[in-house]
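Student: need a structure here:
(one chain, ligands or ions: 1)
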Amino acid sequence: MLLVTCPICGAEGDETDFHFGGQAHIARPATTNPEGITDAQQREYLFTRINPKGLHFERARCDRGCGKWFHIARDTMTMEIKAYYGVTELPPPDIIAQAKGGWAELFAERTAHAKKTK
Ligand SMILES: [Zn+2]
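Tutor: Now for the predicted structure:
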């Protein structure tokens, strides 16, 4: 059983009290440029996921309390939840530092983009 705490309202429960929404941090090109989306961008959005063994980042909605979405950093080997954070945020820096493979690449890209826009 996975015990989850909503970072927004504090509701606690097992995984059945929360609605899991798949991988976090998916770029949704149709929301920013619906006319200019390419087939490759749409294919990437629909089918390509980062799915490593170990640290993983996923979306969840609080069905027991506030009904809002948030992100969870979870180790898929130990089921340990490492962090909760908002849907518009990146994970805490110490968690990003533990990311490997596709996650490390994604966060390096997003962190560089965030620094450029500041
Ligand atoms: Zn909540």
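Student: the bottom helix or strand of this protein by mean pLDDT?
Tutor: Here the helix or strand of the chain ranked lowest by mean pLDDT, DSSP states H and E is helix 29-32, holding a mean of 76.
Student: Give me the residues contacting stretch 109-118.
Tutor: 25, 90, 96 (Cβ atoms under 8 Å, 6 or more residues apart in numbering). For every residue, glycine as well, the C-beta is placed using N, CA and C.
Student: Who are the contact partners of the closest residue to the last one other than its chain neighbours?
Tutor: Residue nearest to I96 in three dimensions, not counting chain neighbours: F107, with 4.7 Å by Cβ to Cβ, 6 or more residues apart in numbering. With contact set as Cβ under 8 Å, 6+ apart, F107 has these partners: 90-91, 96, 99.
Student: Ok, C66 next?
Tutor: 6, 8-9, 11.
Student: filter those to the buried ones?
Tutor: With burial judged by 16 or more other Cβ atoms under 10 Å, the buried subset of the contacts of C66 is 6, 11.
Student: Return only those of the contacts of C66 found close to the ion.
Tutor: Among the contacts of C66, proximity to the ion is found for 6, 8-9, 11 (Cβ under 5 Å from the ion).
Student: can you redo these as TSV with secondary structure and pLDDT?
Tutor: Compiled in TSV, these are given as follows (DSSP: H, G, I helix; E, B strand; the rest coil; pLDDT from 0 to 100):
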residue	secondary structure	pLDDT
C6	coil	95
I8	coil	95
C9	coil	96
A11	coil	95
